[in-house]
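make a model of this:
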Amino acid sequence: MTSVFTQSRVLQSFRALGVVASDVPVVLSRTGFITVATGKSFQVYDTEKLTPVAVSSPLPKKIRALQTVLKHNRTFAAVGRNIHVFSRITETHVLSGHQAPILQLLAVGDVLFSIAEDNTMRIWSTTDLELLETITFEAAFTPTFLLHPSTYLNKVLVGSTQGALQLWNVHTLKCVFAFKGWGSEVTAMAQSPAVDVVAIGLADGRILLHNLKFDTTLMTFSQSKEGRVTSLSFRADDKAPWLASGTTSGSVLLWNLETQRLESTILGAHEAPIASTVFFPNEPLLLTSAGDNALKIWIFDELEARGRLLKSRSGHKAPPTKIRYYGNDVVQKTDGTVCQILSAGQDRAFRLFHTAREQQSTELSQGPLHKKQRLHSSDERKLPPILQFAAMETREKDWSNVVTCHESEVPAYVWTLERKAMGKKVLQQVEGHTTPGSIEHQRRLDSKATAVAISSCGNFALVGSVGGAIFKYNLQSGEKRGSFPTAATPKAKLIRALTMPGASYKSAPDNSMADKHSGSVTGVVVDARNVLVISSSMDHSLKFWDFYTHACIASMDLGSPITHLALHKDNNLIVAACDDFVLRVIDITTRKLVRRFHGHTHWITDVCFSPDARWLLSSSSDGSVRVWDLPTGKCIDFVKFKHAVTSVTMSPTGEFIATTHVGQLGLFLWANRAYFETVFVDSEPSSPVLMGMPVPLSEVDVPLETQVVIAANEVHEVAAEAPAYVSPLDATTSSFVRLSTAPKAMWQSLFQLELIKARNKPVEAPKAPEKAPFFLPTVRKDDVHPTFEAVDAKKTKPQAKKPEEAKKPEEDVVMEGWGDGDDVAWGDDDDDDEVAAPTSRIGKSTGLTTSRSKLASLLLQGAATAPQLGGKGQFALVVAYLQGLSASGVDVELSTLCMGDFDVEGKGHLKLFLDCMLEMLEGRQEFQVVQVYLNRFLKVHEDILVTDADLLAHVAEVHAIQQEGWEHLQRLLHNNLCLVQYFAKMQM
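This is a model prediction of the structure:
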């Protein structure tokens, strides 16, 4: 049975990782925050740690320009022909009116300027968001850049494609002055610290410092070798008169305005054309951004312009193609290690992303390769894109624990995740130069790595080759340890013979290669016990090898080329994705096919198991992701994305699912609904659910003040605007049964109170405290531990007696610490009564007086207020008081209500308590807690209740109401269970 669903059963959008910046210029505010466009949304970074503190909701299209207005806490984002207005990060308005895509935004005071490709400039009010004026330029003037010259009131300088500049008065809507230009497109402008002087960057690489007042060019620089000028910024402090310029090559040039020459160059600052160069006000810091998905801050410690990287944040500059969670040993790794994802991208980078704290994400260094190659280009210093990689955390602190194979690279490379760098060992069969045409050269080409795996012990790496053989290496030493089959590795003497041109394998004594794959190896896995090695190939075969003897144990023909192979080590299941779009699940113990999943209509791009091996996730080149349930053999979820999925992986804890997509730079994280709630799998979906892409999230480890300024306010604003939810149902209706919200452990302990008391009973009797010598007084600081009183030096000295004490007879003076010996030691009972009568603090009572608890007082208070409340709600304070007590506290309160059959007043309290329980049962309030209180009450006062007819009648009345309430609740439960069974089609 198939069904149509409107939302995914499993995937819930959570966040995007590795999305940092774009080719849109950033905005640096005076408050220390950076607003950065990231595709269809924007982020606000804190400059102190470069952590995102706010992220906007996604817009319909890519953002082309940004501006912020601090006065109104507004951000303006140009998207297509419209301007979207955000109050902090909440979208409030959309400004429309342009007939062509918008090129740039400029905010000056309470006015916003926007220029578009239709040769128009519109002026908007940032206060009431109304269109003020529209300026249309002539056909020979195409605007490209806007700048407000400092101290020029109501003036805007406009650059053009033709190279000319125009100074406009936006108040009178007239062109004040037209500058002839320099015959090249104006690509950037910046205001200098000096009035009337601006820097103008051109498409031909020239930079001009021009005086607007006198229309005179003061100096000219040229960066034609680095390409066009993409951005300009002046250093604003008094340390050095520098001008920074961005280039299309990714370098940043620093020009000295005093010497009028190039001071320094930051080569390869970015791996894409520079989008922004912004000097921090009065600080030696330079902020740069580019289309390589990176944001960097450079510091200039010395007067020389040799800047060093202070802090940065970056991601893949080309789409990632392969991702896997690191840390599959959940039993031993329950910390932040299981939040790490290894990612390989088309940008030749191998990165480690942290899903909880993205500032810990980093790129693994290829330093050892850089030292060997000594190349200048950043791309040339990196290995080709990674085809496959394998990681094992068993020996991560001892030696390399990651292995990769690359496009057009024969050897496999090792990495040490502990050091976040490439290892020194290279895994290859043939070392050094080989003569083209020789057998050894052909053997080198046949050993090109196409698949990798690491043994469960972490000591060995297995590398599948294009020739069909699998080679085994020791990870610590990088030495060869045989091959699968054994004959794939010739003996040392034979190797020397094969290096000669024209040599062949005929003279080899062990040249049996019958067990070798006849096609390229596409996958290699090792079981949890290091007993079996399973390999897949394009020759349709799945082979099982003995890990120690390297012998082929069995082989299976799946009837189609195998493109992906994945193993779940706990239950010995492997899945093979084939070119016929079918997923085949095989039990490696019995070597039998246990499941076959049909449904994909395009090439399968990746597969992975869930941590409990109950689910199988597969992605396809048509943009779909399917979730298969292994026990039932059904597809339980079917979703589709606008961009095809290239890789999918699930976290070791089962909380999250990560995906990568064609043309997308980020890693997209999805919450697993089944981890947080129950997912019913009654039927298979018939059509996919179209999913939107998540956006980055703000990180919470920023200072509290920052969160209040940037993030907390919009929460309050949204909460203030959102209407309060009013339930259409009245919980006080008689048909409802309300359960208590008190902690479950608190009221459940009352059932086992005797057991708890017995468990907490001391094993041995408490020891008596140490007695003081008879001549030392003691001081009791508490009721348990007496201590000796310290001797005060002042008390040891004789003190002068007061006049009244001097006149007192000596026999009347009471010695300190001893008291009146005659009255205490020798007086009889009668004398004690007579003496104590006038000075006693305890008054004589004429009858029995008992100590009543607070519960009894609240019961009496509730009974006294019954007439005013109409008999309802009179005992609300009683239940609230009991819920605030611990289990032992409730027991003490109930026990002290009545002291025994002789306590007439206590029996009245018992009757009032039964009235309280009766009221709660009639209103069906705090239902389960009332049952607990009744249970304890009946246990404590059972002897009194059975001997008093009046109390027994009250107990019978409470029992009748309690039984009626339980029958009503039971009917509701049975009704709900029946509906659940019907809709879920389950048998219980």
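
per-residue confidence at the nearest residue to Ile588 once chain neighbours are set aside?
Leaving aside its sequence neighbours, Ile588 sits nearest to Asn572 (Cβ to Cβ, 6 or more residues apart in numbering; 4.8 Å). All C-beta atoms are positioned from the backbone trio N, CA, C, and that covers glycine. Here the pLDDT value assigned to Asn572 is 92.

Phe177 versus the residue positioned nearest the centre of the chain, what's the distance?
Centrality entry for the chain: nearest residue to the mean C-alpha point is Ala356, 3.4 Å, by Cα atoms, centre = their mean. The gap separating Ala356 from Phe177 is 56 Å, by Cβ to Cβ, to the nearest Å.

same check, this time on Ser400
For Ser400, the distance to Phe177 - Cβ to Cβ - is 66 Å.

got any ranges where the stretch 1-150 of the chain has weak pLDDT?
Within the stretch 1-150 of the chain, the segments meeting pLDDT under 70 span 1-6.

on that earlier part again, neighbour count: Ser400 and Phe177, which is higher?
Ser400 (26 against 14; other Cβ atoms under 10 Å).

so the more buried one touches Thr416, yeah?
Yes - Ser400 is within contact range of Thr416, at 4.8 Å (criterion: Cβ atoms under 8 Å).

need the residues touching each of the two.
Gly423 (Cβ atoms under 8 Å, 6 or more residues apart in numbering).

just the pLDDT at the residue nearest to the centre of the chain, thanks.
84.

not counting sequence-adjacent ones, nearest residue to it?
Nearest one to Ala356, counting by Cβ to Cβ, 6+ apart, is Cys339 at 4.6 Å.

do Val176 as well
Leu167 (4.6 Å).

tell me which residues are up against the strand or helix carrying the one you found.
Using DSSP states H and E, the element containing Leu167 is strand 165-169. With Cβ under 8 Å, 6+ apart as the contact definition, strand 165-169 has outside contacts at 121, 135, 137, 141, 149, 152, 154-160, 174-179, 181, 186, 200, 212.

could you pull out the strands for the stretch 101-250 of the chain?
102-108, 111-116, 120-125, 131-136, 143-147, 155-160, 165-169, 174-179, 186-191, 197-202, 206-211, 216-222, 229-234, 242-247 (DSSP state E, counting those that start in this stretch).

and those strands: which comes nearest Gly291?
In terms of Cβ to Cβ, the element of the strands of the stretch 101-250 of the chain nearest to Gly291 is strand 229-234, at 10.1 Å.

just the angle between the closest one and strand 197-202, please?
Here the directions of strand 229-234 and strand 197-202 differ by 160 degrees (axes from the mean of the first three to the mean of the last three Cα atoms, to 10 degrees).

can you tell me the strand partners of strand 229-234 and which way each runs?
strand 242-247 (antiparallel) (DSSP bridges).

show me what the helix or strand following the partner strand pairs with in its sheet, parallel or antiparallel.
Counting by DSSP H and E, the next helix or strand C-terminal to strand 242-247 is strand 252-256. In the sheet, strand 252-256 lines up against strand 242-247 (antiparallel), strand 261-266 (antiparallel) (DSSP bridges).

contacts for strand 252-256, please.
Residues outside strand 252-256 that contact it (Cβ under 8 Å, 6+ apart): 207, 221, 223, 226, 240-247, 261-266, 269, 274, 277, 286, 288, 298, 305, 307.

got the buried residues for the longest helix along the chain?
Scanning the chain for the helix with the most residues, using DSSP state H, yields helix 949-984. Going by neighbour count (16 or more other Cβ atoms under 10 Å), the buried part of helix 949-984 is Leu951, His954, Val955, Val958, Ile961, Gln962, Gly965.

how far away is the last one from Gly923?
Think Gly965. For Gly965, the distance to Gly923 - Cβ to Cβ - is 10 Å.

domain map for this structure?
320-690, 854-982 (automatic domain parsing).

can you show me the helices along the stretch 401-550 of the chain?
439-446, 492-498 (DSSP state H, counting those that start in this stretch).

list the contacts of Lys71.
Per Cβ under 8 Å, 6+ apart, neighbours of Lys71: Asp110, Thr126.

so it, which of the three states?
The three-state label given to Lys71 by DSSP: H, G, I helix; E, B strand; the rest coil is helix.

do the same with Gly559
coil.

got a list of what it touches?
Here Gly559 is in contact with His540, Cys578, Asp580 (Cβ under 8 Å, 6+ apart).

now Pro688
Ser624, Phe638, Val639, Lys640.

go with 10 Å
Going by Cβ atoms under 10 Å, 6 or more residues apart in numbering, Pro688 touches Phe5, Ser8, Asp622, Gly623, Ser624, Val625, Arg626, Asp637, Phe638, Val639, Lys640, Phe641.

for the stretch 1-150 of the chain, which segments count as helices?
Going by DSSP H, counting those that start in this stretch, the stretch 1-150 of the chain shows no helices.

contacts for stretch 945-960?
Contact partners of stretch 945-960, identified using Cβ under 10 Å, 6+ apart, comprise 898, 901, 907-908, 910-918, 920-922, 930, 934, 937-938, 941, 944.

recalculate using a threshold of 7 Å.
If you take Cβ atoms under 7 Å, 6 or more residues apart in numbering as the criterion, stretch 945-960 is touched by Asp901, Lys907, Leu910, Lys911, Leu914, Met917, Leu918, Leu921.

now for these, which pair is the farthest apart?
Pairwise over the contacts of stretch 945-960, using Cβ to Cβ, the maximum falls at Asp901 and Leu921, 26.6 Å.

between the two, who's got more neighbours?
Higher neighbour count among Asp901 and Leu921: Leu921, with 24 against 12, using other Cβ under 10 Å.

returning to what we had before: drop anything exposed from the contacts of strand 252-256.
Here, 16+ other Cβ under 10 Å leaves 207, 221, 223, 226, 240-247, 263-266, 269, 274, 277, 286, 288, 298, 305, 307 buried among the contacts of strand 252-256.

Val940 contacts Leu894, correct?
Yes - the pair Val940 / Leu894 is scored as a contact, 5.3 Å apart, by Cβ atoms under 7 Å.

neighbour-wise, which of these two wins?
Higher neighbour count among Val940 and Leu894: Leu894, with 22 against 17, using other Cβ under 10 Å.

if I look at the more buried one, how far off is Lys939?
Look at Leu894 and Lys939: by Cβ to Cβ, they are 9 Å apart.

helix, strand or coil for Gly862?
Applying three-state DSSP: Gly862 is helix.

can you pull the contacts of it?
Gln874, Phe875, Leu877, Val878.

just the ones of those in helices?
Short answer: those in helices (DSSP H) are Leu877, Val878.

out of the contacts of Gly862, who's nearest Ser455?
When the contacts of Gly862 are compared for distance to Ser455 (Cβ to Cβ), Val878 wins out at 67.5 Å.

mind listing what that closest one touches?
Leu855, Leu858, Leu859, Gly862, Cys916.

what does Phe137 give?
Asn119, Pro143.

in stretch 562-575, which residues are buried?
Quick answer for stretch 562-575 (16+ other Cβ under 10 Å): Ile562, Thr563, His564, Leu565, Ala566, Leu567, His568, Lys569, Asn572, Leu573, Ile574, Val575.

what's near enough to touch the fifth one?
Spelled out, it's Ala566. Ile574, Val575, Val607, Cys608, Phe609.

and these, which two are the farthest apart?
For the contacts of Ala566, the farthest-apart pair by Cβ to Cβ is Ile574 and Cys608; their separation is 11.9 Å.

since that was my last question, I'll sign off now.
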